[in-house]
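J.: Task: produce atomic coordinates for the following.
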Amino acid sequence: MDELDERVELIPLGEAKALAASEFAKQLLETAVDYKELRMMYACAIKEVQTQFEVLETEFKVRYQRNPISSIQTRLKSSSSIIEKMIRKGIPFSMENLEAQIHDLAGIRVICSYVDDIYALADALTSQDDITLVEQKDYIRHPKPNGYRSLHLIVSVPVFFSRQKRQIKVEVQIRTIAMDFWASLEHQMKYKREIPDQQHIVEQLKN
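T.: Residues are numbered from 1 along each chain as shown. So this is what the prediction gives:
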């Protein structure tokens with residue numbers, strides 16, 4: 001999960017943004033030890049929230065004789081994605097700004113079979129004593145203009161280390177198998193320019 005040993009990939013952003021990206025990368029490397037430690041903390045926070053979902057999955061199996069969770073995916077945002085997002089939002093690079101303003105550095109995606117399962121799992125997660133709901137965006141009841149649907153939660157979870165306890169934010173996305181298939185296909189359409197009749201397929205997807 002250590003992205004620092006990679007050479008930070010800069011996306012074509014135009015000359016001004018490329019210069020900004022280079023400066024960001026330089027500052028990131030100057031704070032290499034702190035940055036690596038911060039990424040370690042977020043990786044541990046992902047494990048904490050993933051464990052919460054795995055416990056809920058086990059409980060649902062025993063209580064209701066069915067499993068509401070089809071799969072759980074996790075990811076730690078890459079250094080290049082962090083840099084690009086901070087530049088796009090005009091956020092000066094610092095460890096403090098990274099923690100305070102980038103809420104999706106750690107991410108978990110939970111795939112369910114039914115819409116009811118999404119809200120049941122979200123309620124079960126956020127009602128736990130050690131989980132604090134920071135923000136919720138319901139793109140199921142209120143889809144994005146392009147048709148994207150998912151429930152997004154920003155939660156804060158305590159992570160215990162040898163010398164300290166830290167509250168770390170994790171982005172949780174909960175969606176059905178169908179919503180995930182749609183989002184994956186729409187994402188591919190966005191980045192694959194050579195697909196014939198692309199606009200027609202996008203309209204079909206939205207419908």
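
J.: and the gap between the nearest residue to residue 95 once chain neighbours are set aside and residue 46?
T.: Counting by CB to CB, 6 or more residues apart in numbering, residue 95 lies nearest to residue 34, which is 5.4 Å off, once chain neighbours are set aside. Every residue, glycine included, has its C-beta placed from N, CA and C. For residue 34, the distance to residue 46 equals 19 Å [CB to CB, to the nearest Å].

J.: what comes up buried for the lengthiest helix in the chain?
T.: In the chain, taking DSSP state H as the definition, the longest helix is helix 32-64. With burial defined by 16 or more other CB atoms under 10 Å, the residues of helix 32-64 counted as buried are 35, 38-39, 41-46, 48-50, 52-53, 56, 60.

J.: Could you look up the next helix or strand downstream of it?
T.: Downstream of helix 32-64, the first helix or strand assigned by DSSP states H and E is strand 69-76.

J.: avg pLDDT for that following strand?
T.: For strand 69-76, the mean pLDDT works out to 95.

J.: Which stretches in the chain count as helices?
T.: Using DSSP H, the helices of the chain run over 15-30, 32-64, 79-88, 95-101, 115-126, 177-191, 198-206.

J.: contacts for the shortest one?
T.: Spelled out, it's helix 95-101. Residues from elsewhere that reach helix 95-101 (CB atoms under 8 Å, 6 or more residues apart in numbering): 31, 34, 35, 38, 82, 86, 89, 91, 105, 169.

J.: Tell me the most packed of these, by neighbour count.
T.: Highest neighbour count within the contacts of helix 95-101, by other CB atoms under 10 Å: residue 105, with 25 neighbours.

J.: I figured that one was touching residue 79, is that so?
T.: No. Contact criterion CB atoms under 8 Å: residue 105 and residue 79 do not qualify, at 10.5 Å.

J.: if you skip the residues just before and after it, what's nearest to residue 140?
T.: Residue 140's closest residue in space is residue 149 (CB to CB, 6+ apart), at 5.0 Å.

J.: and the one you found, how many neighbours does it have?
T.: When neighbours are defined as other CB under 10 Å, residue 149 has 20 of them.

J.: who touches residue 102 in this structure?
T.: Residues counted as contacts of residue 102 (CB under 8 Å, 6+ apart) are 77, 82, 85, 86, 91.

J.: Equivalent analysis for residue 166, please.
T.: 41, 158, 159.

J.: Isn't residue 76 up against residue 43?
T.: Yes. If you go by CB under 8 Å, residue 76 and residue 43 touch, sitting 5.7 Å apart.

J.: Give me the distance between residue 67 and residue 118.
T.: Relative to residue 118, and taking CB to CB, residue 67 is found at 14 Å.
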